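[1] sequence plus predicted model, see below.
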Amino acid sequence: MTEHKVTMESTLKVLLEQKKYSTLKDILVTMNPTDVAELFEEIADDRLPRLFRLLPKELAAETFVEMQPEQQELLIRGFSDAELRAVVQELYVDDAVDLVEEMPANVVRRILAQADPDMRKDINDLLRYPENSAGSIMTTEYVSLHPKMTVIQAIERIRKTGVDKETIYTCYVTDSRKLLGTVSVKDLLLATDDSMPVSAIMDENVISVNTLTDQEEVAQMLSKYNFLALPVVDTDGLMVGIITFDDAMDVLVEETTEDIEKMAGMLPSEKTYLRSSAWDLFKHRIPWLALLMVSATFTGMIITGFESALAAQVVLTAFIPMLMDTGGNSGSQASVTIIRALSLGELDFADTPRVVWKEIRTAVLCGCALALLCFCKIMLVDRLLLGNQDITTMTAFVVCFTMAVTVLIAKMVGCTLPLAAKRAGFDPAVMASPFITTIVDALSLLVYFGIASALLFN
């Protein structure tokens, strides 16, 4: 696939240099809009408008939607009013809203000026909904049918209005915009009597979402029920739009990317990696790095507090990194597992007792296994093979017992913090690897020196 893409890029560039526009157009019209947009990313900015103008109107609009915001802005600034109007008129409302949200104010004014009054009104209406809500990602272009319509009348309505709708497979039965049910094109085509009313074959058990429902919850519902689209109703129960599966996929990708960045200790970014400059990466990474660096002061204070004890048993210092790393890794495993389950809707705060009990059992098994392995490693490798005679059986026991306790504590911290964050209304992904590791590092040192003080220094 990669080789094919490289070959296409080279071919396009050669044809563009040779000004063989007819051949270029013949190639582009056979391609998927997404693939065209990816190829355009590799084209020099000064050549992009010329290549884009070769596309037929419908393909141009579909390709434009898939392009990066920077390229979209470049094209818009180079468009005449007529060219911009042609592209905007081919966009679905939700795609137009996404475009408006990405563009600077002066470009937005041009876009809205070239949109027809109905689209301009729809765009402004959708922009009023809170960010990341169902209302902000829905489209108002759907097929609505009246319950008293006959099957043949419904099919005729779909033929007349469906060309401008984002999806026609699922149609929505409404009366004065009140959502009554759904009916698929398949149901209409397979109906045995063309004079049968739509109300007789519609499904009245409609699953819908409110305009203020979080977009991630909407995406999970589409995935759960395998719907192609999900109706959106306002607070009065009136249907205002639909959310299609492709928009839900975009939401899932966006939310997953954001969670991964937070779990890695970075501020979320709207740009792709290759589109981000070194300064962009710096701005998103430095806050957490600085915070975690400062928080490491606590571990330093703990070590300093036990400095005299360490002087008496210097050998204990060698095992600090192993204990801290094991604790951090154990906590990260638990936190990532819980965060993932929360994002999929498998868990909520009410499940905390079950989660804690399960993690306790897991921690005991992991802690005992690691402690046994660690004891063998210390006695065979550190004492016998490396000849470190300062390591005694009691020293090895202190280290291994600390490891077992540290794993237990780390698992508890790792599973409870994301649940608590979710309960408090925060994103659980914040309570991931860097944050958990910092807390567990401090706790593991306190446990280590506490056990060592009790067993070795008395």
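    Sure thing, it's come through. Numbering: from 1, shown residues only.

[2] I'd like the distance between R77 and Q68.
    15 Å (Cβ to Cβ, to the nearest Å). C-beta coordinates here come from the backbone N, C-alpha and C atoms, glycine included.

[3] the two: who's more crowded?
    Q68 (17 against 12; other Cβ atoms under 10 Å).

[4] I figured the more buried one hits E41, correct?
    Yes - between Q68 and E41 there is a contact at 6.6 Å, judged by Cβ atoms under 8 Å.

[5] what pLDDT does the closest residue in space to G305 that isn't next to it in sequence get?
    With Cβ to Cβ, 6 or more residues apart in numbering as the criterion, G305 has its nearest non-adjacent residue at 7.9 Å, and that residue is F449. Looking at F449, its pLDDT stands at 84.

[6] just L54 next, same as before
    Reading off the model, L54 has pLDDT 88.

[7] for the helix or strand that contains M249, packing partners?
    For M249, the host element (DSSP states H and E) is helix 245-263. On a contact count with 3 or more Cβ pairs under 8 Å, 6 or more residues apart in numbering; DSSP states H and E, helix 245-263 meets helix 215-225, helix 320-343.

[8] that one: which residues count as buried?
    F245, D247, A248, V251, L252, E254, E255, E258, D259, E261, K262, M263 (16 or more other Cβ atoms under 10 Å).

[9] from those residues, which is closest to Q215?
    V251 (4.9 Å; Cβ to Cβ).

[10] what angle do the helix or strand hosting I286 and helix 245-263 make?
    Per DSSP H and E, I286 falls inside helix 278-305. Interaxial angle of helix 278-305 relative to helix 245-263 (axes from the mean of the first three to the mean of the last three Cα atoms, to 10 degrees): 40 degrees.

[11] and helix 278-305, what does it pack onto?
    Helix 278-305 sits against helix 433-455, with contacts defined as 3+ Cβ pairs under 8 Å, 6+ apart.

[12] if we can go back for a sec, can I get the buried residues of helix 245-263 in JSON lines with pLDDT and distance to I123?
    What follows is the buried residues of helix 245-263, written out as JSON lines (pLDDT from 0 to 100; distance: Cβ to Cβ, whole Å):
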{"residue": "F245", "pLDDT": "87", "distance to I123": "22"}
{"residue": "D247", "pLDDT": "86", "distance to I123": "16"}
{"residue": "A248", "pLDDT": "85", "distance to I123": "21"}
{"residue": "V251", "pLDDT": "84", "distance to I123": "19"}
{"residue": "L252", "pLDDT": "81", "distance to I123": "24"}
{"residue": "E254", "pLDDT": "80", "distance to I123": "20"}
{"residue": "E255", "pLDDT": "77", "distance to I123": "24"}
{"residue": "E258", "pLDDT": "74", "distance to I123": "25"}
{"residue": "D259", "pLDDT": "73", "distance to I123": "29"}
{"residue": "E261", "pLDDT": "70", "distance to I123": "29"}
{"residue": "K262", "pLDDT": "69", "distance to I123": "31"}
{"residue": "M263", "pLDDT": "66", "distance to I123": "35"}
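
[13] closest to R53 among these?
    Of the buried residues of helix 245-263, the one sitting nearest to R53 (Cβ to Cβ) turns out to be D247, at 28.2 Å.

[14] what about that closest one, distance to L316?
    57 Å.

[15] tell me the SS of E131?
    coil (DSSP: H, G, I helix; E, B strand; the rest coil).

[16] which stretches in this protein count as strands?
    Secondary structure of the chain (DSSP state E): strands at 144-145, 170-175, 178-184, 209-210, 229-233, 239-244.

[17] kindly export the fifth one (C-alpha atoms) in PDB.
    Spelled out, it's strand 229-233. Extracted in PDB, the C-alpha atoms of strand 229-233 (Å, rounded to 0.1, in the frame of the first residue of the first chain):
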ATOM      1  CA  ALA A 229     -27.000   6.500  12.400                       C
ATOM      2  CA  LEU A 230     -28.500   7.600  15.700                       C
ATOM      3  CA  PRO A 231     -31.400  10.200  16.000                       C
ATOM      4  CA  VAL A 232     -30.800  13.300  18.200                       C
ATOM      5  CA  VAL A 233     -33.700  15.000  20.000                       C
END
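
[18] got a list of contacts for that strand?
    134-135, 138, 142, 166-167, 169-170, 172, 179, 182, 206-211, 218, 221-222, 239-245, 248 (Cβ atoms under 8 Å, 6 or more residues apart in numbering).

[19] centre of the chain versus it, how much separation?
    21 Å (Cα atoms, centre = their mean, to the nearest Å).

[20] can you check what angle separates that strand from helix 245-263?
    80 degrees.

[21] partner strands of strand 229-233, with direction?
    strand 209-210 (parallel), strand 239-244 (antiparallel) (DSSP bridges).

[22] least trustworthy helix or strand in the chain by mean pLDDT?
    Within the chain, no helix or strand scores below helix 307-312, which has a mean of 65 by mean pLDDT, DSSP states H and E.

[23] buried residues in stretch 224-238?
    F227, A229, L230, P231, V232, V233.

[24] run the chain-centre distance for that stretch.
    21 Å.

[25] do the same with stretch 68-80
    Distance, centroid of stretch 68-80 to centroid of chain: 26 Å (Cα atoms, centre = their mean).

[26] output the below-cut-off pLDDT ranges for this protein.
    1-6, 262-275, 295, 307-312, 431-434, 457-458 (pLDDT under 70).

[27] domain ranges for it?
    As given by automatic domain parsing, the domain ranges for the chain are 2-128, 144-244, 278-455.

[28] what about A410, how many residues nearby?
    Neighbours of A410 using other Cβ under 10 Å come to 31.

[29] and F435, by the same measure?
    25.

[30] same thing with T182?
    So T182, with other Cβ under 10 Å, has 21 neighbours.
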